[in-house]
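Engineer: This is a predicted model, with the sequence first.
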Amino acid sequence: MKALLTIGLLICSNIFMTLAWYGHLKMNEFSWFKSLPLIGVIVFSWAIAFFEYCLQVPANRIGFEGNGGPFNLMQLKIIQEVITLTVFVLFSIIAFNMNIRWNHIVAALLMILAVYFVFR
């Protein structure tokens, strides 16, 4: 159960992280947002990132084997990276109409191999 909770929290955390890091690029389509100075965009992104940390920190604490969770530090990091890239790819497709190419698929397969090897 802790494994599923950890992964669920990390997925939610990464949705907020992706919105904080890249959402402002899409928000530029709105005139009120486009007129914000850089510091306004930074504060806007930090406000979103706050929720990322509210989910990520508990996820890592719950999932870490040192706190009774099922994952060691390396496994937590690899899970985090795979989730981050998966959420980013979905965000890119949905928000920016990006196309998936063959090299993206190869990269995804290599990430799956990374997960396999880190859990061996």
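Structural biologist: Yep, it's here.
Engineer: Now do the phi/psi pair for H24.
Structural biologist: phi -60, psi -30 (degrees, to the nearest 10).
Engineer: Pull the number of nearby residues for it.
Structural biologist: Neighbour count for H24, taken as other CB atoms under 10 Å: 17. C-beta here means a position set from N, CA and C on the backbone, and glycine is covered the same way.
Engineer: for the helix or strand of the chain with the lowest mean pLDDT, packing partners?
Structural biologist: Of all helical and strand segments in the chain, the minimum by mean pLDDT, DSSP states H and E falls on helix 31-34, at a mean of 85. Contact here means 3 or more CB pairs under 8 Å, 6 or more residues apart in numbering; DSSP states H and E; on that basis helix 31-34 packs against no helix or strand.
Engineer: so where do the helices sit in this protein?
Structural biologist: 2-27, 31-34, 38-63, 73-96, 102-118 (DSSP state H).
Engineer: Of those, flag the one that's most buried.
Structural biologist: helix 2-27 (a mean of 18; mean count of other CB atoms under 10 Å).
Engineer: From the chain's centroid, how far away is it?
Structural biologist: Centroid displacement of helix 2-27 relative to its chain, using CA atoms, centre = their mean, to the nearest Å, is 4 Å.
Engineer: Would you mind getting the angle between it and helix 73-96?
Structural biologist: Interaxial angle of helix 2-27 relative to helix 73-96 (axes from the mean of the first three to the mean of the last three CA atoms, to 10 degrees): 40 degrees.
Engineer: helices or strands next to helix 2-27 in the packing?
Structural biologist: For helix 2-27, the packing partners by 3+ CB pairs under 8 Å, 6+ apart come out as helix 38-63, helix 73-96.
Engineer: Please list all residues in contact with the spatially most central residue of the chain.
Structural biologist: Closest to where the C-alpha atoms of the chain average out (CA atoms, centre = their mean) is N14, at 2.7 Å. Counting by CB atoms under 8 Å, 6 or more residues apart in numbering, N14 makes contact with 52, 80, 83-84, 87.
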